[in-house]
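Peer 1: Next come a sequence and a model predicted from it.
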There are 2 protein chains.
Amino acid sequence: MSQKKRVTIHQVAKEANVSRQTVSRVINNRPDVAPETRERVQEVIERLGYRPSAIARSLIQQRSYTIGVVIAGLKFVGPSRTLNGITEMAEEMGYGLLLKELLGFTTNDVDPLLQWFLSRQVDGIIWAVPEVGENRDWLQDQLPDLSVPLIFLTMQVQKGLSIVSVDNYLGGRMATEHLIEQGKDKIGHISGPLDWWEAQQRKQGWLDALLDANLRVDEKFAAEGNWSSRSGEQAFQRLLDDYPGMNGVFVGNDQMALSVIQIACRDGIKIPDELAVVGFDGIPDAAYYWPPLTTIYQDQYKVGCTAVQTLVELIEAWQRGETDLEPKMTIIEPELIVRESTKSVQPAG
Amino acid sequence: MSQKKRVTIHQVAKEANVSRQTVSRVINNRPDVAPETRERVQEVIERLGYRPSAIARSLIQQRSYTIGVVIAGLKFVGPSRTLNGITEMAEEMGYGLLLKELLGFTTNDVDPLLQWFLSRQVDGIIWAVPEVGENRDWLQDQLPDLSVPLIFLTMQVQKGLSIVSVDNYLGGRMATEHLIEQGKDKIGHISGPLDWWEAQQRKQGWLDALLDANLRVDEKFAAEGNWSSRSGEQAFQRLLDDYPGMNGVFVGNDQMALSVIQIACRDGIKIPDELAVVGFDGIPDAAYYWPPLTTIYQDQYKVGCTAVQTLVELIEAWQRGETDLEPKMTIIEPELIVRESTKSVQPAG
DNA sequence: TTGAAAGCGCTAACAA
DNA sequence: TTGTTAGCGCTTTCAA
């Protein structure tokens, strides 16, 4: 590693006996350069190891081909898969990524963050923080004077906003209806924390499915966890006490479902005959739980990809000067994956 | 959202009746400004909503207070926890993050990546890609003319490089010795892909622990997986065939251990009495497998934190003009977490 | 304590 | 096809 001085366009120009402009034309592949000039300049560029400064370009072009990403809960599986989709699609579309992680989920103090991105000339921002509690309240104040397009992940559809979400309500319904189809009629629910929009939606789906099937519903048939396996354990214990005869349970995520299965295993509750279990998320591990877990798969990777694609469209339009952008919404449908936690394996043929 | 023009230092200066210089002094908190001037300028800054352009600053200061992060395998638990550590520590130390994800693990075509970061004036780079196969070969060519400090994660210690790694060899030994202490004497191993440095190290730890204990060792006692639960399943099947009487197994990661447990559960092999199982990684779920999984915990979050701290030290020194930096190495020790997959639960007191 | 001049590395707009 | 001029938004240097 050495402290070499940057090679600038100026040095290339001098060395090749042309103006900086001409060098600029070469590196930007403009047509209006004589072939022999181009070649000479190219040669000097190679020889000197010249690389244009993206910073200087950003300054003059007032854009950086960079997207700001705000994320939260990177230590969980979901957000990191979303980020995975974001990185891959951004790469494909020729954008770089500036990343910031929020420490909590519920902050409304987003102005410094936004300013930080803007001062770095990001062309757009992906708000990859799920809607929790009042953590969208800042929208009213801050959004109006934001000078780049913004896209939100995992939140309630809202007029004027570009959003990519999974249909959690549908997922909740699918899970519950599947249990009903298996002949279960006493179906409990372990939800995520109910200040989370996703948790609310899934629970509502469960509720409506029960109502539609004319099954008995009671607030005591639902317990609240915090997504962690540990909390799932506690919630399940409560449900076992409060809902005697429960023969099916829809659990808000796979991690909590894992501990449900564990306890059932430990206590000798037969899955799926005595108790059928459906999870949510579709993490790869779920196929290797014992018994393998039926779950609602949500494609978080796709959420990330779609966010980038959509945002880039918005950015392009914005850069073209279209100031009144039509917001774009995408709702991704989840998918039911049936495994042995709800359906006994067929006897081998 | 509106296409408002940026407020510049120039406008603030004009409005406050001072030079741009003075405004610059105010926003940088320089002492040499008269209190009343400072106040007047501050007021104008607030009123106009002026935010300095980090881009312009980076251009003139030749640094950006930004760190470039190269990562791979974001969809796996490990890398995303490392990234989590990186984001939090970077935030704390006042640095931003430019993120790139590598598609594969074994590429040596890193020049474009490096140039991309350098053209954006990153102050340093974190290479958060584990050592796999020959994917460090580029070091010889590229490293010499890199103009910023670089730190590597998860690789063999190498002269002249700054590195943060977990002691995988030690982890392998700890796992195996723990099994031996439980009275197991026929201990198999399911490794990760053996072109991974981490997988090699863990396996070597297993081997050496067996040799030290004078236990029989044979290449057939080890099977190779690819970290996925599915591959663990296959590897375990092979081991069951090839190593009759095996009563302990050290599995290269928790995901593969999960399927080992699952198959054992399914086939009626009693854990831990007939077969004791140790995993590696210490993912939170492992506590909720059935039976709960004994595992070697590696603190990937800490790896990320340490990487940032160390890199920032290097950056500071570098910026001070110290061109011959002493490389810094950190080896993090893993930790044995004992659960019921190796040790029968005590009868309740 | 303040300001003027120069310039970071590049490109847009125009002229030649 | 090429070059000149101006300037993106800021800080450094030096002089006042």
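Peer 2: On my side now, so go ahead. The shown structure was predicted, so the numbers you read here are calculated from the model rather than taken from an experiment.

Peer 1: show me where pLDDT drops low in chain A?
Peer 2: Applying pLDDT under 70 to the predicted model, the residue ranges of chain A that meet it are A:1-4, A:346-349.

Peer 1: what helix or strand does the residue nearest in space to the middle of it sit in?
Peer 2: Taking CA atoms, centre = their mean as the criterion, A:Thr82 is the residue nearest the geometric centre of chain A, at 3.6 Å. A:Thr82 belongs to helix A:77-93 when elements are defined using DSSP states H and E.

Peer 1: Could you spell out the sheet neighbours of the helix or strand just after that helix, each with its direction?
Peer 2: Sequence-wise, the next helix or strand beyond helix A:77-93 is strand A:96-102, with elements assigned using DSSP H and E. Each strand paired with strand A:96-102, and its direction, by DSSP bridges: strand A:66-72 (parallel), strand B:96-102 (antiparallel).

Peer 1: how about JSON lines for those, with mean neighbour count and distance to DNA strand C added?
Peer 2: Where C-beta positions appear, they are placed from N, C-alpha and C, glycine not excepted. Compiled in JSON lines, the strands paired with strand A:96-102 are given as follows (neighbours: other CB atoms under 10 Å in any protein chain shown; distance: least, CB to the nearest atom of the strand, whole Å):
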{"stretch": "strand A:66-72", "mean neighbour count": "24", "distance to DNA strand C": "15"}
{"stretch": "strand B:96-102", "mean neighbour count": "22", "distance to DNA strand C": "18"}
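
Peer 1: With respect to A:Gly188, which of these lies nearest?
Peer 2: Taking CB to CB as the measure, the strands paired with strand A:96-102 were each checked against A:Gly188, and strand A:66-72 came out nearest at 29.1 Å.

Peer 1: How about A:Phe236: what's its closest non-neighbour residue?
Peer 2: Counting by CB to CB, 6 or more residues apart in numbering or on different chains, A:Phe236 lies nearest to A:Val260, which is 4.8 Å off, once chain neighbours are set aside.

Peer 1: what about that neighbour, how many neighbours?
Peer 2: 31 (other CB atoms under 10 Å in any protein chain shown).

Peer 1: Could you list the buried residues of the helix or strand hosting it?
Peer 2: For A:Val260, the host element (DSSP H and E) is helix A:254-267. By 16 or more other CB atoms under 10 Å in any protein chain shown, the buried positions in helix A:254-267 come out as A:Asp254, A:Gln255, A:Met256, A:Ala257, A:Leu258, A:Ser259, A:Val260, A:Ile261, A:Gln262, A:Ile263, A:Ala264, A:Cys265.

Peer 1: residues contacting the fourth one?
Peer 2: Applying CB atoms under 8 Å, 6 or more residues apart in numbering or on different chains to A:Ala257 gives the contacts A:Ile190, A:Gly232, A:Val251, A:Val277, A:Val278, A:Gly279, A:Phe280, A:Ala286, A:Tyr289, A:Leu293, A:Thr295, A:Ser341.

Peer 1: Among these, which lie within helices?
Peer 2: Assignment to helices by DSSP state H places the following of the contacts of A:Ala257 there: A:Gly232.

Peer 1: Dump the contacts of A:Ala257 into CSV; add distance to DNA strand C and neighbour count as well.
Peer 2: Compiled in CSV, the contacts of A:Ala257 are given as follows (distance: CB to the nearest atom of the strand, whole Å; neighbours: other CB atoms under 10 Å in any protein chain shown):
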residue, distance to DNA strand C, neighbour count
A:Ile190, 56, 29
A:Gly232, 54, 30
A:Val251, 54, 33
A:Val277, 58, 29
A:Val278, 55, 33
A:Gly279, 51, 31
A:Phe280, 48, 31
A:Ala286, 49, 25
A:Tyr289, 54, 33
A:Leu293, 53, 29
A:Thr295, 50, 30
A:Ser341, 57, 26
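
Peer 1: any idea how far A:Gln121 lies from B:Leu48?
Peer 2: When distances are taken as CB to CB, to the nearest Å, A:Gln121 and B:Leu48 turn out to be 19 Å apart.

Peer 1: Residues in a beta bridge with A:Thr66, which ones?
Peer 2: Taking DSSP bridges, one finds A:Gly96 as the beta-bridge partners of A:Thr66.

Peer 1: now what about stretch A:15-35, what contacts it?
Peer 2: Outside of stretch A:15-35, the residues that reach it under the criterion CB under 8 Å, 6+ apart are A:9-10, A:12-13, A:37-38, A:40-45, A:47-48, A:52.

Peer 1: Filtering those residues by proximity to DNA strand C, which remain?
Peer 2: Contacts with DNA strand C within these, counted by CB under 7 Å from any atom of the strand: A:Ile9, A:His10, A:Pro52.

Peer 1: quick one: which of those is most hemmed in?
Peer 2: Within these, most neighbours by other CB under 10 Å means A:Ile9, with 20 neighbours.

Peer 1: That one contacts A:Arg51, doesn't it?
Peer 2: No - the pair A:Ile9 and A:Arg51 fails to qualify as a contact (CB atoms under 8 Å) at a distance of 10.3 Å.

Peer 1: that older thread, give me the subset of the ones next to DNA strand C among the contacts of stretch A:15-35 lying in helices.
Peer 2: Using DSSP H, the members of these that fall within helices are A:Ile9, A:His10.

Peer 1: between the ones next to DNA strand C among the contacts of stretch A:15-35, which is closest to B:Val164?
Peer 2: Out of those, the one with the shortest distance to B:Val164 is A:Pro52. That distance is 32.3 Å, counting by CB to CB.

Peer 1: what about the closest residue to the closest one other than its chain neighbours, neighbour count?
Peer 2: Taking CB to CB, 6+ apart, and ignoring the residues beside it in sequence, A:Pro52 has A:Ile27 as its nearest neighbour in space, at 5.4 Å. The local packing count at A:Ile27 equals 17, with neighbours defined by other CB under 10 Å.
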